[in-house]
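**Student:** Sequence first, predicted model second:
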Amino acid sequence: MKMNKSKVAIVGCGLVGSTTAFSLVTQGVVDEVLMIDINKERAYGERLDLHDSIEYLNRNVKVTNGEYSDCADADIVVITAGAPPKAGQSRLDTLEMTAKICQSIVGPIMESGFDGIFLIVSNPVDIISHYVKKLSGLPKNQVIGTGTAIDSARLKTFIGELVKVDPRSVHAYSMGEHGDSQMVPWSVVTVAGKPFYDVIADNKSLVGDVDLDELVHKTTREGWEILERKGTTYYGIATAAVAIIKAIMNDENKIIPVSTYLEGEYGETDVYAGVPTVLNRYGAYDVLEIHMSPSELARFKDSAKVIREYTNKIMEY
């Protein structure tokens, strides 16, 4: 008798990769977590540390170390390896170095016979996702970036704080680039089904004058606010990555704004961008096309233009 086991491989055991592994283990999402890093001692240390937590958890998740060849039977490979931005840099400034790192990773993984789903966390995530699609030759549904999943979570938190409700009662998406050009289609933002514009109009004494552009700016800057204080971000993005993994592994058909390849959606082609996407066991199963106002669509296209400009550069490598 053969029993299928679920397995996620994490490439890059820095703070984001190790926190992703910790979240997978503590939530009991999969049967096995494989940890790979160029620093084998670091990866081994993370494995040992995670083993020590099993006694007090609800499930005994197997944690292993290995090589790229061990990814052959993985359901999902999470790439967190990359070059973190230095002071004064943007995510786009790390592109060339992260691309070279991905070159060294994707080839050997594909040579192992891997035919699962790549989940890209490494920045600039939209462009690196496109590059991994090119390097791997996998269909678009099998290469996904975390995209604006974390940005949307931040946006919902800010809105929730503004109107004093649980952010999980807010439905809002940040879309486009996981970076400075991202945009928010405010016309479709709701609080428990009520349009956000109406919430603002009906609660002037509570919310006062709301600067929507400032909320978007605050959302784009949140990662940098964290970076300037503690060096990097990892809890939020790792939790977002695990939410994506759960949606895929559990065949949830859950809609999360991830970076996915567009082929005509929103009038864009041959570009990865953060858009609401149906996630299930096939990966990025379908793109939800929300109806934006003309000005919102123009902003989305401006963001896609930024992504495409840098993507064209990386495709020359």
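**Tutor:** Here it is on my side, so go on.

**Student:** Identify the residues contacting stretch 220-231?
**Tutor:** With C-beta atoms under 8 Å, 6 or more residues apart in numbering as the test, stretch 220-231 has contacts from 85, 150-151, 154, 179-180, 182, 232-233, 236. For every residue, glycine as well, the C-beta is placed using N, CA and C.

**Student:** Then stretch 28-47?
**Tutor:** 5-14, 17-18, 21, 23-25, 50, 57-59, 61-68, 70-71, 74-75, 81, 242, 245-246, 249.

**Student:** among these, which are in helices?
**Tutor:** 17-18, 21, 23-25, 50, 242, 245-246, 249 (DSSP state H).

**Student:** Flag the shaky bits of the stretch 201-317 of the chain, pLDDT-wise.
**Tutor:** Flagging of the stretch 201-317 of the chain using pLDDT under 70 yields the residue ranges 317.

**Student:** quick one, helices of the chain?
**Tutor:** So, for the chain - with DSSP H - the helices run 15-27, 40-51, 95-111, 125-136, 149-163, 196-202, 204-207, 212-230, 235-249, 294-314.

**Student:** Distance to residue 119 for those helices - can I get that in a markdown table?
**Tutor:** A markdown table is the format used below for those (distance: least, C-beta to C-beta, whole Å):
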| stretch | distance to residue 119 |
| --- | --- |
| helix 15-27 | 9 |
| helix 40-51 | 18 |
| helix 95-111 | 13 |
| helix 125-136 | 9 |
| helix 149-163 | 11 |
| helix 196-202 | 30 |
| helix 204-207 | 36 |
| helix 212-230 | 18 |
| helix 235-249 | 6 |
| helix 294-314 | 18 |
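
**Student:** got the contact list for residue 162?
**Tutor:** Counting by C-beta under 8 Å, 6+ apart, residue 162 touches 207, 210, 215.

**Student:** Spatially nearest residue to the second one, not counting backbone neighbours?
**Tutor:** By that I understand residue 210. Closest residue to residue 210 apart from its sequence neighbours, by C-beta to C-beta, 6 or more residues apart in numbering: residue 200 at 5.3 Å.
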